[in-house]
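Asker: just need the structure, nothing else, for what follows:
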Amino acid sequence: MKKIVFLLVAGLSFGVSHSQEVSDAVRYAQDNLTGTARFRAMGGAFGAVGGDLSSLSVNPAGSAIFANNQTGVTLSNQSIKNNSNYFGTHTSDDKNSFLLNQAGAVFVFHDRNPNSNWTKIAIGASYENTNNFDNNNFSAGTNPTKSIDGYFLAYANKSNNGGPVPQSFVGLGNNESIGDLYDFLGTNLPNKQYPNLTGYSAQQAMLGYQGFIINTVNINDPNSAYNTNVRAGGNYYQENEVYETGYNSKVSFNIATSYKDRLYLGANLNVHVTDYRRTSSFYERNGNPLVAGETISSLRFNNEQYTYGNGFSFQLGAIAKVTESFRLGLAYESNTWYELYDEISQSLYTTRQAAGGQPIDKPVNPNVVNVYEPYTLQTPGKTTFSAAYVFGKSGLISVDYAIKDYGNTKYKPTSDQGFRGLNNQISDELTSTGELRVGAEYKIKQLSLRGGYRFEGSPYKDGTTIGDLTSYSGGLGYNFGTTKVDLAYSYLERKSNQGFFAQGFTDGANISSKLNNVSLTLLFEL
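Answerer: Coordinates of the predicted model:
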């Protein structure tokens with residue numbers, strides 16, 4: 001049973017940040033293309049179309065396009081494959097998941113008064129899994145220059161006002177266990193004496209020291225710098241395994257109205273829920289020859305993260321019928337304000353070996369779960385411009401273009417020194433990006449044929465940490481009258497190169513991700 005440590009703030013001047021990274025902010029700021037099968041088949045280009053349960057997620061005015069009450073449910077099967085290239089070694093891993101993707105209903109109330117220009121009011125509610133985090137990734141290869149010792153050195157040497165972590169925080173006292181020390185650091189730092197030394201930073205230094213990966217330069221100096229015990233020279237065989245599960249979901253409450261059946265206005269109030277688990281295991285084997293002294297011959301560093309919480313946002317939208325066939329749409333989605341909670345546990349297992357000696361295993365397992373104070377993450381808003389041309393009852397073509405500035409993502413409270421630095425890093429690394437969606441539909445009596453295309457630019461200024469997204473989709477639907485069945489297939493690909501760790505050891509693999517999704521929707525007119 002793991003010991004649970006609640007890391008509470010001792011005063012207003014002390015921080016609550018620990019190990020958040022830019023990649024965490026991007027994870028919760030991004031939405032995948034989800035929703036009904038018709039919506040997915042047409043690339044999500046519904047900002048000026050409306051009349052679909054998922055169109056409300058783009059433009060809340062879309063519910064006023066409905067002529068009758070409608071309810072529906074969508075099931076999806078998602079398969080993602082990640083191909084990794086780490087210093088010339090190619091590996092792959094995949095993950096398959098089945099989920100309830102969307103469910104909702106819209107109720108339309110017509111105004112029978114012939115003197116009223118407001119012809120109807122629509123009220124709707126919907127649930128969508130806006131991002132499915134289920135994913136497996138395995139990378140392996142031989143790094144010619146860098147060891148993970150840089151990760152532990154980075155925390156040990158630059159954590160206390162820019163200086164080293166005191167030796168008293170990495171060495172064990174009399175009758176003190178690894179778990180006791182890990183607990184103490186997480187519970188008592190930062191404090192008045194060490195206002196800039198977070199418990200998480202000190203814990204990383206302690207893990208590296210207790211695992212003999214790093215050592216003090218001068219044992220008689222309580223504030224000594226640290227150096228590495230890892231034999232230099234390159235040829236570090238490394239493996240990185242990452243297993244992710246969870247979701248972002250959104251429940252939307254919608255209201256919309258129609259003015260003369262020419263102008264449609266709507267609004268959404270959204271409640272967001274996130275539940276994310278990440279388990280990572282990094283392995284390193286040192287292939288450098290040892291002729292004297294001792295070195296770390298192998299190690300395994302395990303991290304488990306659980307993040308959960310909820311948030312809210314709102315949306316406003318309008319659709320105008322310029323002519324009977326041509327429509328324009330404009331929608332705004334506000335920032336999403338999340339309140340998030342983090343739980344983190346870690347363990348380290350090392351093997352050290354002296355020249356001509358036997359290997360010595362050293363487990364450093366605190367058996368502790370850090371439970372941190374809640375914090376706020378503000379993800380960026382989005383503006384969507386839309387146009388559609390409807391060919392009577394034969395079909396339509398639709399185009400959406402959305403703008404989102406990822407650089408406006410913020411961790412709060414901004415009074416926290418760690419969050420201020422992270423927010424500056426976000427502003428420096430992330431950028432505004434555009435998303436293009438194009439969809440088309442052609443009807444042959446009761447049968448509908450659909451196709452779509454989606455492109456989204458990288459949220460990173462370097463364009464490589466997470467690359468551009470390209471997606472193609474298609475599908476068909478059949479109208480039985482009061483019942484409709486829709487089927488869609490979508491393919492998405494994206495490249496990335498995210499470091500295995502955020503500092504000290506930032507090497508990472510080139511990942512090519514390919515996602516296939518099949519969705520089935522059942523719709524009923526009431």
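Asker: buried ones in stretch 306-325?
Answerer: 306-307, 309, 311, 313-321 (16 or more other CB atoms under 10 Å). Using the backbone N, CA and C atoms, a C-beta is placed for each residue, glycine as well.
Asker: where does Gly124 land on pLDDT?
Answerer: Gly124 is assigned 97 on the pLDDT scale.
Asker: one more: Val291?
Answerer: Reading off the model, Val291 has pLDDT 61.
Asker: before we move on, what about Asp31?
Answerer: The model reports Asp31 with a pLDDT of 87.
Asker: so how many other residues sit close to it?
Answerer: By other CB atoms under 10 Å, the residues close to Asp31 number 20.
Asker: give the closest residue to it in space, chain neighbours not counted.
Answerer: Of all residues not flanking Asp31 in the chain, Thr130 sits nearest, at 4.7 Å (CB to CB, 6 or more residues apart in numbering).
Asker: list the buried residues for whatever helix or strand Arg494 lives in?
Answerer: Per DSSP states H and E: Arg494 is located in strand 483-496. In terms of neighbour count (16+ other CB under 10 Å), strand 483-496 has its buried residues at 484, 486-490, 492, 494-496.
Asker: closest to Asn143 among these?
Answerer: Nearest to Asn143 among the buried residues of strand 483-496, counting by CB to CB, is Ser496 at 18.5 Å.
Asker: residues contacting Leu469?
Answerer: By CB atoms under 8 Å, 6 or more residues apart in numbering, the contact list for Leu469 reads 454-457, 492-494.
Asker: and it, how far from Ala154?
Answerer: Computed as CB to CB, to the nearest Å, the Leu469 to Ala154 distance reads 31 Å.
Asker: same check on Gly173?
Answerer: 25 Å.
Asker: the more surrounded of the two?
Answerer: Ala154 (20 against 10).
Asker: any idea how far that one is from Pro166?
Answerer: 17 Å.
Asker: repeat for Leu189
Answerer: 11 Å.
Asker: between the two, which one's more packed in?
Answerer: Here Leu189 and Pro166 are compared on neighbour count by other CB under 10 Å; more neighbours surround Leu189, at 26 against 19.
Asker: about what we covered before: TSV for the contacts of Leu469, including distance to Gln346 and pLDDT?
Answerer: Formatted as TSV, those follow (distance: CB to CB, whole Å; pLDDT from 0 to 100):
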residue	distance to Gln346	pLDDT
Arg454	38	98
Phe455	39	98
Glu456	34	97
Gly457	35	97
Leu492	33	97
Glu493	33	98
Arg494	29	98
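Asker: out of those, who's nearest Ala61?
Answerer: For those, the nearest to Ala61 is Arg454 (21.5 Å; CB to CB).
Asker: identify the bridge partners of the closest one.
Answerer: On the basis of DSSP bridges, Arg454 is bridged to Arg437, Ser471.
Asker: for the strand holding Arg494, name the packing helices and strands.
Answerer: helix 37-41, strand 447-456, strand 466-479, strand 510-525 (3 or more CB pairs under 8 Å, 6 or more residues apart in numbering; DSSP states H and E).
Asker: buried residues in the first one, which are they?
Answerer: By neighbour count, and taking 16+ other CB under 10 Å as the criterion, the buried residues in helix 37-41 are 37-41.
Asker: rewinding a little: nearest to Leu422, out of the helices and strands packed on strand 483-496?
Answerer: strand 466-479 (17.4 Å).
Asker: against Lys95, how distant is Asn135?
Answerer: From Asn135 to Lys95 the distance is 5 Å (CB to CB).
Asker: let me fix that: Leu75
Answerer: 18 Å.
Asker: neighbour count winner among the two?
Answerer: Neighbours per residue (other CB under 10 Å) separate Leu75 from Lys95, with Lys95 holding more: 19 against 16.
Asker: can you name the element that comes right after the helix or strand hosting the more buried one?
Answerer: Following DSSP H and E, one finds Lys95 within strand 89-110. As assigned by DSSP H and E, the chain's next helix or strand after strand 89-110 is strand 118-132.
Asker: you'd agree Thr91 is up against Ala140?
Answerer: Yes. Taking CB atoms under 8 Å as the definition, Thr91 is a contact partner of Ala140 at 5.3 Å.
Asker: quick one: common contacting residues for those two?
Answerer: Shared contacts of Thr91 and Ala140 (CB under 8 Å, 6+ apart): Ser84.
Asker: so, low pLDDT: which residues of this protein?
Answerer: 1-18, 289, 291-292 (pLDDT under 70).
Asker: longest strand of it?
Answerer: In the chain, assigned by DSSP state E, the strand with the most residues is strand 294-321.
Asker: from the chain's centre, how far out does the following helix or strand past it sit?
Answerer: Remark: after strand 294-321, the chain's next helix or strand is strand 326-333, criterion DSSP H and E. Centre-to-centre, strand 326-333 and its host chain are 27 Å apart (CA atoms, centre = their mean, to the nearest Å).
Asker: so strand 326-333 versus strand 294-321, what angle?
Answerer: Calculated by axes from the mean of the first three to the mean of the last three CA atoms, to 10 degrees, strand 326-333 forms an angle of 140 degrees with strand 294-321.
Asker: what pairs with strand 326-333, parallel or antiparallel?
Answerer: Assessed with DSSP bridges, strand 326-333 is paired to strand 294-321 (antiparallel), strand 382-390 (antiparallel).
Asker: mind putting those into JSON lines with distance to Leu263?
Answerer: Output for these, formatted as JSON lines (distance: least, CB to CB, whole Å):
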{"stretch": "strand 294-321", "distance to Leu263": "5"}
{"stretch": "strand 382-390", "distance to Leu263": "14"}
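Asker: may I see the buried residues of strand 483-496 arranged in CSV, with distance to Ser448 as well?
Answerer: Compiled in CSV, those are given as follows (distance: CB to CB, whole Å):
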residue, distance to Ser448
Lys484, 9
Asp486, 8
Leu487, 10
Ala488, 11
Tyr489, 15
Ser490, 16
Leu492, 22
Arg494, 29
Lys495, 33
Ser496, 35
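Asker: out of those, the closest to Tyr237 would be?
Answerer: Ser496 (22.6 Å).
Asker: how much space separates that closest one from Ser325?
Answerer: 41 Å.
Asker: now Phe98
Answerer: Taking CB to CB, one finds Phe98 at 39 Å from Ser325.
Asker: what's the answer for Asn68, then?
Answerer: 22 Å.
Asker: for Ser490, same thing?
Answerer: For Ser490, the distance to Ser325 - CB to CB - is 27 Å.
Asker: likewise Ala64?
Answerer: Relative to Ser325, and taking CB to CB, Ala64 is found at 18 Å.
Asker: same thing with Tyr236?
Answerer: Taken as CB to CB, the span from Tyr236 to Ser325 is 63 Å.
Asker: one more: Gly407?
Answerer: Taken as CB to CB, the span from Gly407 to Ser325 is 39 Å.
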